[in-house]
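Trainee: Could you work out the structure for the sequence below:
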Amino acid sequence: MNIGAIHSQPLKGQPVVRTVARTRRSAFTLLELLIAVSVFSMVLLAMHGVFRGAIQLRDRTTAAVEEAAPVEEAVAWLRRDLQHLVPPGGVLFGPLQSAPQQTNAGPDLLLGMGARRVSPDFYTASAMVDTFAPWGDVQKVAYALVTPTNRAEGMVLVRAVTRNLLAPTPEPPELEVLLDRVEDVRFEFFDGAQWMAAWDSTVHPMVLPRAIRVRLWQVLGRETRGEPAPIEVVVPVWVRPWTNPASGREGTGV
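Mentor: Numbering: from 1, shown residues only. Predicted structure coming up:
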């Protein structure tokens with residue numbers, strides 16, 4: 001006999017009692033939804049802060065790199081020109097003079113081009129010979145400041161290059177823009193004991209200085225405070241010209 005069948009059938013004379021099974025359905029309350037939304041908003045706010053900080057750091061790094069790139073390029077050109085100086089003398093190698101517009105016979109072409117000279121004429125073997133510039137590796141280089149054409153603050157540092165040193169008449173140099181927002185540039189010369197603001201190889205017994213120092217001041221931004229710190233470059237001059245021992249001058253030639 002099936003016991004489950006006996007219990008499932010009511011006895012005679014007794015009322016049938018039926019029970020309805022109620023299934024309880026769980027759901028979120030309004031308070032729980034508010035708490036979840038608040039927590040999610042706080043997480044999103046924290047993520048937004050981290051992302052915004054990363055974007056600002058990237059922008060500052062990019063701006064610093066872009067601002068430092070022209071300075072590094074200008075310093076590289078200065079070092080290259082000063083490291084490859086050639087001794088004065090002969091047809092191609094002129095004197096090293098801080099004021100060539102006063103000591104040379106011809107007029108200063110940079111002044112005629114509206115530029116303010118900040119360096120003497122350097123005769124340097126820093127040129128590169130190619131099919132487009134079929135000159136020698138020795139060139140005449142000078143540095144000057146010109147007024148910017150876009151009304152920007154400060155001056156523009158240019159590199160004046162003369163490749164044809166055998167021209168029958170002086171040719172205007174080619175101006176290469178190196179750096180903008182420049183306030184001032186100064187060249188100083190070390191004679192072994194002190195730094196000198198001027199140099200003239202025609203009267204100085206050493207002909208070439210022991211080292212050359214360049215100081216460059218840039219225009220500060222509005223957010224920068226304090227005195228501007230100059231960019232300083234010191235380049236030793238290793239080359240020494242041959243001298244006549246009977247003249248009593250120092251030098252053994254390299």
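Trainee: quick one: average confidence on whatever helix or strand Leu57 lives in?
Mentor: Using DSSP states H and E, Leu57 sits in helix 30-83. The average pLDDT within helix 30-83 is 87.
Trainee: ditto for stretch 169-184
Mentor: 90.
Trainee: Likewise for stretch 109-123?
Mentor: Per-residue scores along stretch 109-123 average to 87.
Trainee: Output that stretch in CSV with nothing but the alpha carbons.
Mentor: Output of stretch 109-123 as CSV, limited to C-alpha atoms (Å, rounded to 0.1, in the frame of the first residue of the first chain):
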residue,chain,number,x,y,z
LEU,A,109,77.0,92.7,-42.5
LEU,A,110,75.0,91.6,-39.4
LEU,A,111,74.4,95.2,-38.4
GLY,A,112,73.2,95.9,-42.0
MET,A,113,70.7,93.0,-41.7
GLY,A,114,69.1,94.5,-38.5
ALA,A,115,70.8,92.0,-36.1
ARG,A,116,72.6,92.8,-32.9
ARG,A,117,75.9,90.9,-32.8
VAL,A,118,76.6,89.0,-29.5
SER,A,119,79.7,87.0,-30.5
PRO,A,120,82.8,87.5,-32.6
ASP,A,121,83.3,85.7,-35.9
PHE,A,122,84.4,82.1,-35.2
TYR,A,123,86.3,80.3,-37.9
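Trainee: Give me the residues contacting that stretch.
Mentor: Residues from elsewhere that reach stretch 109-123 (C-beta atoms under 8 Å, 6 or more residues apart in numbering): 81-82, 85-86, 88, 92-94, 96-101, 108, 138-147, 155, 158, 160, 170, 172-173, 175, 184-187, 199. From N, CA and C alone the C-beta is placed, and that goes for glycine too.
Trainee: Take the residues you listed and keep only those in strands.
Mentor: 139-146, 155, 158, 160, 175, 184-187 (DSSP state E).
Trainee: Looking at the residues you listed, spot the one nearest Asp59.
Mentor: Distance ranking of the ones in strands among the contacts of stretch 109-123 against Asp59, using C-beta to C-beta, places Met155 first at 27.8 Å.
Trainee: Among the ones in strands among the contacts of stretch 109-123, name the buried ones.
Mentor: Listed as buried from those are 139-146, 155, 158, 160, 175, 184-185, 187; burial here means 16 or more other C-beta atoms under 10 Å.
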